[in-house]
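**Student:** Fold the following for me, if possible:
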Amino acid sequence: MTENTDVKQIALAGDRIGVLKSDGTALVKEGGLSATWVTENTGVIQIALAGNRIGVLLGGGAALVKEGGLSATWVTENTDTTQLALAGGQD
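**Tutor:** Numbering: from 1, shown residues only. Here you go, the predicted structure:
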């Protein structure tokens, strides 16, 4: 099944699928393969998923992480970041 097109990066965690499109848009879906994509952020250069956490690295170096649902609030973890990795979070 084709999940999305023009994808630069894919991330998986539990029943979540995240993609980073070539235009910098980060999308995540939760549930089955036919679930609806949710735009999480734009201007993204990296996406990461772990458990119930979603992380994005923005082009300016800001590392943002949210925990919980797809509509949870972003927390800025750092502003001078070159790479992002996540661990933990509850499923």
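**Student:** then stretch 35-49 to CSV, C-alphas only?
**Tutor:** Only the C-alpha atoms of stretch 35-49 are listed here, as CSV (Å, rounded to 0.1, in the frame of the first residue of the first chain):
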residue,chain,number,x,y,z
ALA,A,35,-5.8,6.4,9.2
THR,A,36,-5.7,10.1,8.3
TRP,A,37,-2.4,11.9,8.1
VAL,A,38,-2.0,14.8,10.6
THR,A,39,0.4,17.6,9.7
GLU,A,40,2.6,18.0,12.8
ASN,A,41,5.0,20.7,11.7
THR,A,42,6.6,22.5,8.7
GLY,A,43,10.2,23.6,8.0
VAL,A,44,11.3,20.2,9.3
ILE,A,45,14.7,18.6,8.4
GLN,A,46,14.3,15.4,10.6
ILE,A,47,11.5,13.5,12.2
ALA,A,48,11.7,10.9,15.0
LEU,A,49,9.2,8.7,16.8
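**Student:** Name the residues that touch that stretch?
**Tutor:** Here stretch 35-49 makes contact (CB atoms under 8 Å, 6 or more residues apart in numbering) with 4, 9, 11-13, 16, 18-20, 23-30, 54-60, 64, 66, 70-71, 74, 83-86. Glycine gets a C-beta too; all of them are placed from N, C-alpha and C.
**Student:** Looking at that stretch now, give me its mean pLDDT.
**Tutor:** What stretch 35-49 shows for mean pLDDT is 98.
**Student:** distance between that stretch and the chain's centre?
**Tutor:** Put simply, stretch 35-49 sits 4 Å off its chain's centre (CA atoms, centre = their mean, to the nearest Å).
**Student:** just stretch 44-53 next, same as before
**Tutor:** On CA atoms, centre = their mean, the centre of stretch 44-53 falls 4 Å from the chain's centre.
**Student:** Correct me if wrong: residue 78 contacts residue 63.
**Tutor:** Yes - under the criterion of CB atoms under 8 Å, residue 78 makes contact with residue 63 at 4.6 Å.
**Student:** who's more crowded, these two?
**Tutor:** Set residue 78 next to residue 63 and count neighbours by other CB atoms under 10 Å: residue 63 wins out with 22 against 13.
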